[in-house]
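Visitor: Okay, here's the prediction I keep looking at, along with the sequence it came from:
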Amino acid sequence: MKKIILLSLLFSFLITSHVQALKWVYPFVVWDGKVYEVKQEEIINKSEIGKVIGEVKSMADDMTGEYYGDASNYYPKGTKYYEIKGTPTSTAIAVKEDSIWIKAIFAHKAPFHIMNIFSNNIFITTVIVVLFLILGSIIRTKRARNIYKIRSMHFNSASIKISFAQHKLPGG
């Protein structure tokens, strides 16, 4: 009886789902490997806004807290980032929310995530170039082998003809 109760408890712990979610301390955006804390109370005038420098491309995971690339825990994909005139982007950027721009100040460097590498255009281009080089090398090697085989076949057939010509049959 004790075994059945113990197994029942163990089984119930195994099949119960665990719900977990993070509560973020502040809204943030990630751009160029840097995390910027969005200061909801600091609105920037349109005259201070420079050019578009990026946008939210991925959302932070509420379950694990992981994020990569140009991400946000609050703003939807497609939200634009702008430079602030007279302020280096290493210090602060602006985030457009509806028709206003909100200041986001540099908080810290973004943590490493493997997807940062795989979503990097330079990495993707390098991988494609290397694959083409390898493929070209393989094709070139196969062609060289085929040409060698064809030449050796021609050489062998020519030497066979020569040997037949040298050994004429008697009476011929």
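Guide: Here it is on my side, so go on. All values derive from a computational prediction rather than experimental measurement. Numbers count the residues shown, from 1 in each chain.
Visitor: what bridges to residue 100?
Guide: Note on residue 100: beta-bridge partners by DSSP bridges are residue 97.
Visitor: For it, grab the count of nearby residues.
Guide: 12 (other C-beta atoms under 10 Å). Just so you know, the C-beta spots here come from the backbone N, C-alpha and C atoms, and that holds for glycine as well.
Visitor: Wait, it touches residue 42, no?
Guide: No. Between residue 100 and residue 42 there is no contact under C-beta atoms under 8 Å: 10.7 Å.
Visitor: can you map out the strands along this protein?
Guide: 28-31, 34-44, 49-55, 58-59, 71-72, 80-84, 92-97, 100-109 (DSSP state E).
Visitor: Lowest mean pLDDT across these, which one is that?
Guide: Confidence, taken as mean pLDDT, is least for strand 58-59 of these (a mean of 86).
Visitor: So which other helices or strands are in contact with it?
Guide: If contacts are counted by 3 or more C-beta pairs under 8 Å, 6 or more residues apart in numbering; DSSP states H and E, strand 58-59 sits against strand 71-72.
Visitor: Which other helices and strands does the strand it packs on contact?
Guide: Short answer (3+ C-beta pairs under 8 Å, 6+ apart): strand 71-72 packs on strand 28-31, strand 58-59.
Visitor: for these, which one ends up most surrounded?
Guide: strand 28-31 (a mean of 24; mean count of other C-beta atoms under 10 Å).
Visitor: which secondary structure elements does it contact?
Guide: Packed next to strand 28-31, using 3+ C-beta pairs under 8 Å, 6+ apart, are strand 34-44, strand 71-72, strand 92-97, strand 100-109.
Visitor: so where's the chain shaky on pLDDT?
Guide: 6-24, 63-65, 68, 112-120, 148-172 (pLDDT under 70).
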